[in-house]
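S.K.: build me a structure from this.
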Amino acid sequence: MVTVDEAKRRVLTHTRTLSAEKRTVLNAVGYVLSENVLAGFSLPSFRQSSMDGYAVLHTDIIHADVVLPIAGESKAGKAEKVSMKPGTAFRIFTGAPVPDGATAVVMQENTSVANGNVTIGEYPVPENKNLRNIGQQIREGDIALPSGTFISAGTAGFLKGLNIDEIPVFRKPKIGILVTGDELVKTGETLSHGQVYESNSSMLVAALKQEGITDVEIYYSEDDLSATVQSLLTLSERNDVVIATGGVSVGDYDYVGKALETIGAETIFYKIRQKPGKPLLFARTENTNFYALPGNPASSLVCYYEYVLPALRLMSGRKECFLPAYQLPISHAYSFRGERDEFLKAFVSNGKVTSLEGQESFALRSFAIANALIYLPVSQQTVQAGDMVEVHLLPF
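M.R.: Residues are numbered from 1 along each chain as shown. Here you go, the predicted structure:
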């Protein structure tokens, strides 16, 4: 049995980042750049106005209420290059090219117009005021975005502004889910006595979908060693990661651990000193990582968030792999006994965290409304209302 910290360390140590692939920018949202991306041109590529107003030569504004003749107009999208003479002004709009000869833009709220002239009601007017200069965002040939950048909406917009439509990213892992348990019945079928509806695979598919991982296949295996071995072999041939649910405890019909040993997988750890989720097994072969999660749904989801998700993020090139952790005051007293750290399903609101009712390992209803996990090490077995506790925010 290993500690929580040791289990996380081993997950990172034995997880590799996957190969790269090319994707269009919009299809790469949620992925991570595998190489630096260079700017093919400067941005802006021409001097732009950042305001609606009047382009002027700043040295012409020698006092307040200077009157200048309006010599022309520049609007966004205008193709021809224009220039202006000293002692004149140009009507200009946001994003429009600044005429050659102009050194500043006075916003229209500080001007008045009459008889083809503009009165500049502002003094002094600094050079470059309300101008976006060439390369102010990025210069041609500079690194626009470094390797390891997470592709977000802002990233996509920036790349499109540089006329970049295809980028190299780390691919996301292919996932095989193995469901074990003769007592499990698929949704829509009729239950017999002693049977329950299987929900773990749907829960995991949903969690993977939240992470942008959609290349997922599900296998169902009987509680039989030979069947489990064959299922693991088949899934491992086609996937980077195999996640098994159930069959990992110490019952007479828990075959996943034996099956992994049979196919030659190296066990990295088995059992973590935590509650819930003690019987988590992590094993690997040369090309596939295996996570055998407990069959109890809440235990399974805790283990997914704390150990499997960080590994999947690392495989996808993410730098920040673990759930965001914060110290927050707990809204109530809580205590526990034993020699295992505890994860509590919880809800964060108004700067405080509250553990939810239904902390049993089988209870998924509380997970349905949880937005966080409280992590309490054995060194913090008793907390009072207002004490600071470690809180891991769940993905949303």
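
S.K.: can you get me a residue count around Asp223?
M.R.: Here the number of neighbours of Asp223 (other C-beta atoms under 10 Å) works out to 18. Bear in mind the C-beta positions are built from the backbone N, C-alpha and C, glycine included.

S.K.: which pLDDT value does the model give it?
M.R.: What the model reports for Asp223 is a pLDDT of 84.

S.K.: that one against Asp182, yeah?
M.R.: Yes: between Asp223 and Asp182 there is a contact under C-beta atoms under 8 Å: 4.7 Å.

S.K.: which ones are touching Ile138?
M.R.: 39, 42-43, 144, 162 (C-beta atoms under 8 Å, 6 or more residues apart in numbering).

S.K.: distance check, it against Ala156.
M.R.: Distance, Ile138 to Ala156, by C-beta to C-beta, to the nearest Å: 16 Å.

S.K.: output stretch 117-133 as PDB, nothing but the C-alphas.
M.R.: Extracted in PDB, the C-alpha atoms of stretch 117-133 (Å, rounded to 0.1, in the frame of the first residue of the first chain):
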ATOM      1  CA  ASN A 117     -12.900  71.900 -39.600                       C
ATOM      2  CA  VAL A 118     -12.300  70.000 -36.300                       C
ATOM      3  CA  THR A 119     -11.600  71.700 -33.000                       C
ATOM      4  CA  ILE A 120      -9.300  69.700 -30.800                       C
ATOM      5  CA  GLY A 121     -10.400  70.200 -27.200                       C
ATOM      6  CA  GLU A 122      -7.500  68.300 -25.700                       C
ATOM      7  CA  TYR A 123      -4.000  69.500 -24.800                       C
ATOM      8  CA  PRO A 124      -1.300  68.300 -24.800                       C
ATOM      9  CA  VAL A 125      -1.700  65.300 -27.200                       C
ATOM     10  CA  PRO A 126       1.200  62.800 -26.600                       C
ATOM     11  CA  GLU A 127       2.900  61.100 -29.500                       C
ATOM     12  CA  ASN A 128       1.400  57.700 -30.300                       C
ATOM     13  CA  LYS A 129      -1.700  58.400 -28.300                       C
ATOM     14  CA  ASN A 130      -4.500  55.900 -29.300                       C
ATOM     15  CA  LEU A 131      -2.300  54.300 -31.900                       C
ATOM     16  CA  ARG A 132      -1.500  50.600 -32.300                       C
ATOM     17  CA  ASN A 133       2.000  50.400 -33.800                       C
END
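
S.K.: which residues touch Ile85?
M.R.: Quick fix: residue 85 is Lys, not Ile. By C-beta under 8 Å, 6+ apart, the neighbours of Lys85 are 71, 101.

S.K.: so how far is Gly181 from it?
M.R.: 84 Å.

S.K.: could you do Leu225 as well?
M.R.: The gap separating Leu225 from Gly181 is 14 Å, by C-beta to C-beta.

S.K.: cool, Pro324 as well?
M.R.: Pro324 is 33 Å from Gly181, by C-beta to C-beta.

S.K.: which one's more surrounded, the two?
M.R.: Each of Pro324 and Gly181 has its neighbours counted (other C-beta under 10 Å); Gly181 has more, 20 against 11.

S.K.: show the backbone phi and psi for the more buried one.
M.R.: Here is the backbone geometry of Gly181 (degrees, to the nearest 10): phi 130, psi 110.

S.K.: go on, Val391?
M.R.: Torsion angles, degrees, to the nearest 10, at Val391: phi -120, psi 130.

S.K.: what pLDDT does the closest residue to Ser152 other than its chain neighbours get?
M.R.: Spatially, and ignoring its direct neighbours in sequence, Ser152 is nearest to Val29 (6.9 Å; C-beta to C-beta, 6 or more residues apart in numbering). pLDDT recorded at Val29 is 98.

S.K.: who's in contact with Val29?
M.R.: So Val29 contacts 151-153, 155-156, 212 (C-beta under 8 Å, 6+ apart).

S.K.: repeat that for Ala265.
M.R.: Counting by C-beta under 8 Å, 6+ apart, Ala265 has contacts 283-285, 290.

S.K.: could you do Arg139 as well?
M.R.: 39, 42 are the contacts of Arg139 under C-beta under 8 Å, 6+ apart.

S.K.: what about the strands in the stretch 201-350 of the chain?
M.R.: 216-221, 241-245, 266-270, 274-275, 281-284, 289-293, 325-329, 334-335, 341-349 (DSSP state E, counting those that start in this stretch).

S.K.: please identify the buried residues of the longest helix along the chain?
M.R.: Across the chain, the longest stretch assigned as helix under DSSP state H is helix 225-238. Going by neighbour count (16 or more other C-beta atoms under 10 Å), the buried part of helix 225-238 is 227-229, 231-232, 234-236.

S.K.: next, give me the two most distant ones among those residues.
M.R.: Across the buried residues of helix 225-238, the longest distance by C-beta to C-beta is 14.9 Å; it joins Ala227 and Ser236.

S.K.: quick check, central residue of this protein?
M.R.: With distances taken as C-alpha atoms, centre = their mean, Gly30 lies nearest the centre of the chain, 6.3 Å away.

S.K.: for Glu198, what are its contacts?
M.R.: Here Glu198 is in contact with 179, 181, 184-187 (criterion: C-beta under 8 Å, 6+ apart).

S.K.: mind redoing it with 7 Å?
M.R.: 179, 184-186 (C-beta atoms under 7 Å, 6 or more residues apart in numbering).

S.K.: highest neighbour count among those?
M.R.: Result: Val179 is most packed of the contacts of Glu198 (other C-beta under 10 Å), 22 neighbours.

S.K.: bridging residues for that one?
M.R.: Tyr220, Thr245 (DSSP bridges).

S.K.: tell me how the chain divides into domains.
M.R.: In terms of domains, the chain is parsed into 4-18+172-316, 22-39+142-170, 48-132, 325-393 (source: the TED database).

S.K.: just the ones you listed: most buried one?
M.R.: domain 4-18+172-316 (a mean of 19; mean count of other C-beta atoms under 10 Å).

S.K.: start to end distance for that one?
M.R.: 23 Å (C-alpha to C-alpha, to the nearest Å).

S.K.: and the pLDDT at Val250?
M.R.: pLDDT at Val250 comes out at 63.

S.K.: Ile134 too?
M.R.: If you check Ile134, the pLDDT there is 97.

S.K.: this completes my enquiry, with thanks.
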